[in-house]
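Undergrad: One predicted model, sequence on top.
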Amino acid sequence: MYELKRGWPRGIYHLAPQGVSSWHEIAKTLIVYAEQQRVRLNTQVADIQAITTAEYPTAAKRPLNSQLDTSKLGAQLSFDLPHWKDGFLAVAGDIVKELETV
């Protein structure tokens, strides 16, 4: 079990896995993983093109950078959070298993 430090300063703490990614990187990661698992797709990594926020207009205004600053939480914890790809690929593996039963 993890032991948390006592007497944390008040305030807002952001929790997010380690690493930085974009929707482009997430899509590429998923396609590479699916190919490794021999999932048949109608697309390839080369088909996925990065675009800017301005090139994908939406009704909602989106920040150019929505990365959470987790340094305040990290200073209070005695362990490191895992990288985003670890959890992402674990969930992708569960999805592939589900697809195999369909």
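TA: Alright, I've got the coordinates.

Undergrad: mean confidence for the longest helix seen in the chain?
TA: Once the chain is assigned using DSSP state H, the helix that runs over the most residues is helix 84-101. When pLDDT is averaged along helix 84-101, the result is 90.

Undergrad: buried ones in it?
TA: Of the residues in helix 84-101, W84, K85, F88, L89, A92 count as buried by neighbour count, 16 or more other CB atoms under 10 Å. For glycine as for every other residue, the C-beta is placed from the backbone atoms N, C-alpha and C.

Undergrad: List the contacts of the residue lying closest to the fourth one once chain neighbours are set aside.
TA: When you say that, I think you mean L89. Counting by CB to CB, 6 or more residues apart in numbering, L89 lies nearest to Y33, which is 5.9 Å off, once chain neighbours are set aside. Neighbouring residues of Y33 by CB atoms under 8 Å, 6 or more residues apart in numbering: L89, A92, G93.

Undergrad: wait, doesn't the second one sit right on L30?
TA: Yes. Using CB atoms under 8 Å, A92 is in contact with L30, at 6.1 Å.
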